[in-house]
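[1] Structural data only, the sequence is not supplied:
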């Protein structure tokens with residue numbers, strides 16, 4: 001763990017926790033993945049215990065041809081178990097991270113990148129600057145505009161008057177040709193959302209992310225979408241292609257799956273194939289370089305219609321863990337040139353950020 005937490009209505013992370021998983025086959029080839037663990041504190045340790053105690057033993061010696069076969073096997077084996085213990089979404093997080101690791105392993109084995117495996121030419125992914133707070137607004141905008149990024153996402157949901165001031169300040173400092181977007185982390189009720197979106201309309205934002213709770217009735221999402229010209233976005237708290245498509249039917253124009261939280265690579269690619277006309281896929285991500293590279297690979301498949309979230313806040317798990325692999329230029333990040341989804345973590349960095357509860361990568 002390590003890094004600086006953005007200020008969010010959900011609260012701040014005491015550290016920037018993360019959970020990486022490495023799978024190795026019988027020939028010694030390996031793949032890296034990331035399991036979502038931002039909240040609550042020490043979520044990474046809890047999920048690591050679950051992986052080691054419950055899931056990993058079932059994978060020893062398991063043969064497969066595609067990552068989907070493994071995920072299907074695990075769903076059949078453990079869905080009732082995680083239903084019984086009340087941790088179905090924790091199970092989804094674990095499956096997502098394992099799917100990323102399985103794709104990384106399979107691609108390394110095949111000597112291919114994701115793009116070459118799919119027979120397409122994708123060498124870079126579009127990015128936008130995310131999780132900007134008022135105190136660092138001007139500096140962050142200047143810095144990331146200098147890298148060619150044209151989208152800047154503000155964290156809202158604290159106090160409506162302060163949020164309006166923040167939006168106005170951001171609009172004043174954004175360079176020509178750039179646009180803002182906002183993320184409320186599910187904080188508004190319907191009446192507040194309609195009020196604030198009405199105010200936002202004059203600034204022509206790209207979208208408003210999670211203005212109401214993700215599990216609100218589809219009728220509420222539809223009513224909110226019909227009440228405003230501001231496009232709605234959601235996805236980091238949606239599970240399953242069918243649920244994403246229902247949200248699109250309810251008027252959500254930007255779908256934001258998180259490869260470390262639901263579906264991994266397999267789910268995201270299925271969603272891309274199912275996207276309705278007029279709906280865009282903009283992957284959500286706030287974690288380490290391992291998961292970020294997977295999210296960027298997915299983003300690249302959408303071309304100019306897809307842009308990936310990149311946190312602006314200091315986090316060496318993103319900037320240092322795998323070396324200098326996430327440099328932003330012209331608003332894009334180049335994808336790794338070698339086989340696999342991600343560049344492997346640097347051994348010294350992995351050791352430096354390891355939780356005290358671990359020893360040589362294993363739980364004590």
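    Received, thanks. Remember, it's a predicted structure, so these values are computed and weren't measured experimentally.
[2] now the helices for the stretch 201-350 of the chain?
    218-227, 241-249, 264-274, 289-301, 316-319, 347-352 (DSSP state H, counting those that start in this stretch).
[3] Next, the angle from the fourth one to helix 264-274.
    Taking axes from the mean of the first three to the mean of the last three CA atoms, to 10 degrees, helix 289-301 and helix 264-274 form an angle of 20 degrees between their directions.
[4] So which elements touch helix 289-301?
    Applying 3 or more CB pairs under 8 Å, 6 or more residues apart in numbering; DSSP states H and E, we find helix 289-301 packed against strand 30-35, helix 88-110, helix 114-118, strand 124-132, helix 264-274, strand 308-311, helix 316-319. C-beta here means a position set from N, CA and C on the backbone, and glycine is covered the same way.
[5] Apply 7 Å and report the result again.
    Counting contacts by 3 or more CB pairs under 7 Å, 6 or more residues apart in numbering; DSSP states H and E, helix 289-301 is packed against strand 30-35, strand 124-132, helix 264-274, strand 308-311, helix 316-319.
[6] Tell me how far the very next helix or strand once past the first one lies from the chain's centre.
    The reference is to strand 30-35. Sequence order places helix 43-50 as the next helix or strand after strand 30-35, per DSSP states H and E. Relative to the centre of its chain, helix 43-50 is centred 19 Å away, using CA atoms, centre = their mean, to the nearest Å.
[7] likewise stretch 153-161?
    20 Å.
[8] now do stretch 148-168
    20 Å.
[9] Repeat that for stretch 20-38.
    Using CA atoms, centre = their mean, the offset of stretch 20-38 from its chain centre is 18 Å.
[10] Pick the most buried one from the helices of the stretch 201-350 of the chain.
    Most buried of the helices of the stretch 201-350 of the chain by mean neighbour count (mean count of other CB atoms under 10 Å) is helix 289-301; its value is a mean of 28.
[11] quick one: contacts of it?
    For helix 289-301, contacts defined as CB atoms under 7 Å, 6 or more residues apart in numbering pick out 20, 32-34, 100, 114-115, 122, 124-126, 259-260, 265, 268, 272, 283, 285, 306-308, 317-318, 321-322, 325-326, 333, 335-336, 341-343, 345.
[12] shaky segments in the chain?
    1-3, 357-364 (pLDDT under 70).
[13] tell me the domain boundaries of it?
    19-112+347-363, 116-334 (automatic domain parsing).
[14] a markdown table for these, including distance to residue 9?
    Listed next are these as a markdown table, based on distance: least, CB to CB, whole Å:
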| stretch | distance to residue 9 |
| --- | --- |
| domain 19-112+347-363 | 12 |
| domain 116-334 | 4 |
